[in-house]
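S.K.: Quick one, what's the 3D model for this:
(one chain, ligands or ions: 1)
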Amino acid sequence: MNQRRRRIYEGKAKILYEGPEPGTVIVHFKDDATAFNAEKKAVIEGKGVLNNRISEFIFERLNDLGLPTHFMKRLNMREQLVREVEIIPLEVIVRNIAAGSMAKRLGIEEGTALPRSIIEFCYKNDELGDPLIAEEHITAFGWASPQEIDDIMAMTIRINDFMSGMFAAIGIKLVDFKIEFGRQYEGDLVRTVLADEISPDSCRLWDVKTNEKLDKDRFRRDLGGLVEAYQEVARRLGILNENDPAKPAKPTLVKS
Ligand code: UDP
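M.R.: Coordinates of the predicted model:
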């Protein structure tokens, strides 16, 4: 007998359903693309499948490193099983090269390498357009505790180190990215884990040689070829199999 799944939440690019066990959630990746706080919208066929696969790949590698994440396993082309968490209302942005809002805000030319990686916090609130905030706001308003901020900073640095190396090995510059964290409750304990997704929707990825954009800026800036760019990222990661996207191919090392 078919049973209707209980929908917990529908966001801009994902739907969350109740999972098969208590404390689990199914994440469904949609093909919807939005930008500029959902002022610009489109459906891009195939995007959800690619983001599900790319995010799975990165979260599995991070789990292997001992970095706690919400990810459990991919279920099918569009869905993954994750641990239920309470999302901490912060967008944590890591920048290695100036681009996007920071380049504009500080008048730095896009593409300028930063003297060191910079971590920024935004308050996750669509109505306010996810405003940039300082640590002071986070603790004063109780959005996260000082301990949680420490955990987030330490994990974020590890994630950036790992991902920068992983992308460099396949000829891609990790310009910047956004991550989110959650609280996982286990009885009396609560721990901070990486949640949400990591995909070309949430990263800026440039080809090392040509600086071609392989990320959501293709949509934001009307460059076209978004699915082809995401496929190129998946292909270089060794996870795009033309005939059967579920079966991994071999990684390709790109020599610079
Ligand atoms: N980003 C994101 N979701 C957001 C805002 C930003 O995933 O709601 C990502 C974005 O893809 C980029 C990085 O965070 O990789 C930095 O984005 P920026 O602050 O430059 O904002 P944008 O120029 O994208 O508005």
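
S.K.: ranges for the helices of the stretch 101-250 of the chain?
M.R.: For the stretch 101-250 of the chain, applying DSSP state H, counting those that start in this stretch gives helices covering 135-140, 146-168, 217-220, 226-237.

S.K.: Kindly reformat those as TSV containing distance to Ile179.
M.R.: Heads up, the C-betas are built off the backbone N, CA and C, glycines and all. Shown next, in TSV, are the helices of the stretch 101-250 of the chain (distance: least, C-beta to C-beta, whole Å):
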stretch	distance to Ile179
helix 135-140	15
helix 146-168	6
helix 217-220	18
helix 226-237	17
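
S.K.: Format those as TSV; extra columns: mean neighbour count, mean pLDDT and distance to the ligand.
M.R.: TSV is the format used below for these (neighbours: other C-beta atoms under 10 Å; pLDDT from 0 to 100; distance: least, C-beta to the nearest ligand atom, whole Å):
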stretch	mean neighbour count	mean pLDDT	distance to the ligand
helix 135-140	13	98	17
helix 146-168	16	98	12
helix 217-220	20	98	7
helix 226-237	20	98	13
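
S.K.: Tell me which residue of the stretch 51-200 of the chain lies closest to the ligand.
M.R.: Scanning the stretch 51-200 of the chain for the residue nearest the ligand gives Gly100, at 2.3 Å (criterion: C-beta to the nearest ligand atom).

S.K.: Can you say which helix or strand has Lys73 in it?
M.R.: Following DSSP states H and E, the helix or strand that holds Lys73 is strand 71-74.

S.K.: Ends of stretch 25-36, what's the gap?
M.R.: As for stretch 25-36, its first-to-last residue distance stands at 28 Å under the measure C-alpha to C-alpha, to the nearest Å.

S.K.: now that stretch: how far from the chain's centre is it?
M.R.: Once both centres are worked out by C-alpha atoms, centre = their mean, to the nearest Å, stretch 25-36 turns out to sit 11 Å from its chain's centre.

S.K.: next one: stretch 91-101
M.R.: On the basis of C-alpha atoms, centre = their mean, stretch 91-101 is displaced by 13 Å from the centre of the chain it belongs to.

S.K.: What lies in contact with that stretch?
M.R.: 102, 106, 108-114, 117-124, 130, 132, 152, 156, 159-160, 164, 173-181, 204, 206, 217 (C-beta atoms under 8 Å, 6 or more residues apart in numbering).

S.K.: where does the protein have low pLDDT?
M.R.: Within the chain, the set of residues satisfying pLDDT under 70 comprises 1, 241-256.

S.K.: can you list the residues of it near the ligand?
M.R.: 91, 93, 99-102, 130, 176-178, 202-204, 216 (C-beta under 6 Å from any ligand atom).

S.K.: can we see that at 8 Å?
M.R.: Taking C-beta under 8 Å from any ligand atom as the criterion, the chain approaches the ligand at residues 35-37, 91, 93, 95, 99-104, 120, 122, 130, 132, 175-178, 201-204, 215-217, 220.

S.K.: residue nearest the centroid of this structure?
M.R.: Ile198 (2.3 Å; C-alpha atoms, centre = their mean).

S.K.: ok, now how distant is that residue from Gly142?
M.R.: Using C-beta to C-beta, to the nearest Å, we find Ile198 at a distance of 27 Å from Gly142.

S.K.: for Ile15, same thing?
M.R.: Taking C-beta to C-beta, one finds Ile15 at 29 Å from Gly142.

S.K.: quick one, which of these two is more surrounded?
M.R.: In this comparison of Ile15 against Gly142, neighbours counted by other C-beta atoms under 10 Å, the higher total goes to Ile15 at 19 against 7.
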